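**Q** with the sequence up front, the predicted model follows.
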Amino acid sequence: MEPEKILNISVDCVVFGFDINTKSLNVLLIKRFLASENKEEILVDDYVLTGYHVYKEETLDETATRVLKELTGLTNQYKKQFKAFGNPDRLMNPKDIIWIKNEAFHLRTTTIAYYFLLKTEDVDVNNSKKQAKWFPVTNLPELGFDHKKIILEAYEDLKIKCLSEPIIFKLLPDKFSINEVQDVYQSILGIEIDNRNFRRKLINKKYIIALDEKQVGVSKKPAQLYMFSKDIYDKMFSKNYLISM
């Protein structure tokens, strides 16, 4: 028996991932498609965030974790609840009304928004039942509901958060180069960072551990690899600005 839903409260999740190859901060979206009964007319054809109604017996965090697991198969990823969206007209676009009637949703639904940080390579989009696809956060497709607003507000929160906490390492492999760290910051903040100044500051951080390893499988000169030590970071700081703007 399926758990009872709270029909006017949902959780929507913005899943961010960084693509090392394209140096792009991406968001994971799912296809929303609906044709008429005779299949002759396409009624809805766009993308949305993944979200579900909250079950009566679960917390909001548990709903968010359930959303992520069904979408990606992953658990225990960095997540942050950042805002509630409850404007009366947030679901009143004509296409949204068609979709809501088909799915028997509540027209006045408040959504609690979360964002997750993970590595794009950890998600197998090729076998996604929901036709999930990564899109650059700066080049989003047509979106349903108010999901563009939710994504952009999550993005703004991430920009602020990444300057005060070492959350960007959630987007990187366990072993990374300094250039890859710089690429993540530049992608999130949308700015160019002075290479020498950034490198000097980062390698002097005690929680950035130099490894006796270099990149493999690259065409150019392989770079030194490093790792982030959360244990050392937690012992040293309650709050630390990683880079100066």
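**A** Happy to help now that I have it.
**Q** for the biggest helix by length in the chain, could you pull out the residues that count as buried?
**A** Of all the segments assigned as helix in the chain under DSSP state H, the longest by residue count is helix 147-164. Within helix 147-164, the residues that count as buried by 16 or more other Cβ atoms under 10 Å are 147, 150-151, 153-155, 157-158, 161-163. (C-beta placed from N, C-alpha, C; glycine too.)
**Q** same deal with stretch 59-69?
**A** Neighbour-count burial for stretch 59-69, with 16+ other Cβ under 10 Å as criterion, is recorded at 63-68.
**Q** may I ask which two of the residues you listed are separated the most?
**A** Farthest apart among the buried residues of stretch 59-69 by Cβ to Cβ are 63 and 68. That separation is 9.9 Å.
**Q** look at the residue sitting furthest away from the middle of the chain and tell me its secondary structure.
**A** Here the chain has its C-alpha centre computed as a mean, and the residue farthest from that point, by Cα atoms, centre = their mean, is residue 38 with 36.7 Å. For residue 38, the secondary structure call by DSSP: H, G, I helix; E, B strand; the rest coil comes out as coil.
**Q** for it, phi and psi?
**A** phi -90, psi 0 (degrees, to the nearest 10).
**Q** output the below-cut-off pLDDT ranges for the protein.
**A** Scanning the chain with the threshold set as pLDDT under 70 gives 238-245.
**Q** repeat that for 80
**A** Counting by pLDDT under 80, the chain contains low-confidence ranges at 1, 104, 217-220, 237-245.
**Q** quick one, domains of it?
**A** Using automatic domain parsing, the domains assigned to the chain come out as 5-164, 167-236.
**Q** so how far does the shortest one reach from one end to the other?
**A** The one in question is domain 167-236. For domain 167-236, the separation between the terminal residues is 16 Å (Cα to Cα, to the nearest Å).
**Q** then stretch 100-114?
**A** Terminal residues of stretch 100-114 lie 22 Å apart, using Cα to Cα.
**Q** likewise stretch 185-195?
**A** The first and final residues of stretch 185-195 sit 12 Å from each other (Cα to Cα).
**Q** buried set for that stretch?
**A** So, applying 16+ other Cβ under 10 Å, buried residues of stretch 185-195: 185, 187-189, 193.
**Q** turn these into a markdown table, columns for distance to residue 121.
**A** Below are the buried residues of stretch 185-195 laid out as a markdown table (distance: Cβ to Cβ, whole Å):
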| residue | distance to residue 121 |
| --- | --- |
| 185 | 20 |
| 187 | 16 |
| 188 | 18 |
| 189 | 23 |
| 193 | 24 |
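**Q** of all those residues, which comes closest to residue 132?
**A** The closest of the buried residues of stretch 185-195, once distances to residue 132 are taken by Cβ to Cβ, is residue 187, at 20.4 Å.
**Q** contacts for the one helix or strand the closest one maps to?
**A** Counting by DSSP states H and E, the element that carries residue 187 is helix 178-189. Counting by Cβ atoms under 8 Å, 6 or more residues apart in numbering, helix 178-189 makes contact with 18, 20, 23-25, 158-159, 162, 168, 171-173, 192-193, 195, 198-199, 202-203, 223-224, 226, 243, all of which sit outside it.
**Q** regarding the chain, what is its longest strand?
**A** Criterion DSSP state E: the longest strand present in the chain is strand 5-19.
**Q** what's the following helix or strand after it?
**A** Moving toward the C-terminus from strand 5-19, the next helix or strand (DSSP H and E) is strand 24-35.
**Q** tilt between that next one and helix 178-189?
**A** Using axes from the mean of the first three to the mean of the last three Cα atoms, to 10 degrees, the interaxial angle of strand 24-35 with respect to helix 178-189 works out to 50 degrees.
**Q** I appreciate the help and will end here.
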